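*Asks:* next one to model:
(one chain, ligands or ions: 1)
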Amino acid sequence: MPKVKFLPSGVECEVKAGESILDIALSHGVPIQHACGGFCACTTCHCEIIEGASNLEAPDSDEQERLSVLDDPTPTSRLGCQAKVKGDVVVRVVNEE
Ligand code: FES
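*Replies:* Below you'll find the model as predicted:
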């Protein structure tokens, strides 16, 4: 099972492949903003992938469009609600609640 570690909270968990970073965070008590409820319509669930970016499913065109309007993008930015896990990752939550 893929392992996910969240920063700065330090929460670590094992998850089912195919779950989104947002869903994993919410089910493990990790604070993360998600203003649109996970519908790829805001950017508040912005995450920086610190390790394992290739262990996420690739962003689709909708996510790429939202990522292009981030105020503070990083080379490994993803939207937590869209990024589905398929292997081990370390994730920095940009906007904690
Ligand atoms: S929660 Fe709004 S884009 Fe992810």
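*Asks:* and Pro31, how far is that from Gln64?
*Replies:* 26 Å (CB to CB, to the nearest Å). Bear in mind the C-beta positions are built from the backbone N, C-alpha and C, glycine included.
*Asks:* pLDDT at Glu97, what is it?
*Replies:* On pLDDT, Glu97 comes in at 80.
*Asks:* and it, what does it touch?
*Replies:* 31-33 (CB atoms under 8 Å, 6 or more residues apart in numbering).
*Asks:* change it to 10 Å
*Replies:* Neighbouring residues of Glu97 by CB atoms under 10 Å, 6 or more residues apart in numbering: 30-34, 44.
*Asks:* closest one of the residues you listed to the ligand?
*Replies:* When the contacts of Glu97 are ranked by distance to the ligand (CB to the nearest ligand atom), His34 comes first, at 3.7 Å.
*Asks:* can you get me a residue count around the closest one?
*Replies:* By other CB atoms under 10 Å, the residues close to His34 number 19.
*Asks:* wait, Cys42 touches Cys36, no?
*Replies:* Yes - between Cys42 and Cys36 a contact is recorded at 4.1 Å, counting by CB atoms under 10 Å.
*Asks:* identify the contacts common to those two.
*Replies:* Here Cys42 and Cys36 have 66, 79, 81 as joint contacts, going by CB under 10 Å, 6+ apart.
*Asks:* tell me the spacing between the second one and the ligand.
*Replies:* For Leu79, the distance to the ligand (CB to the nearest ligand atom, to the nearest Å) stands at 5 Å.
*Asks:* what's the answer for the first one, then?
*Replies:* In this structure, Arg66 lies at 6 Å from the ligand, with CB to the nearest ligand atom as the measure.
*Asks:* and that residue, that's in a strand?
*Replies:* No - going by DSSP: H, G, I helix; E, B strand; the rest coil, the assignment for Arg66 is helix, not a strand.
*Asks:* all set now, cheers.
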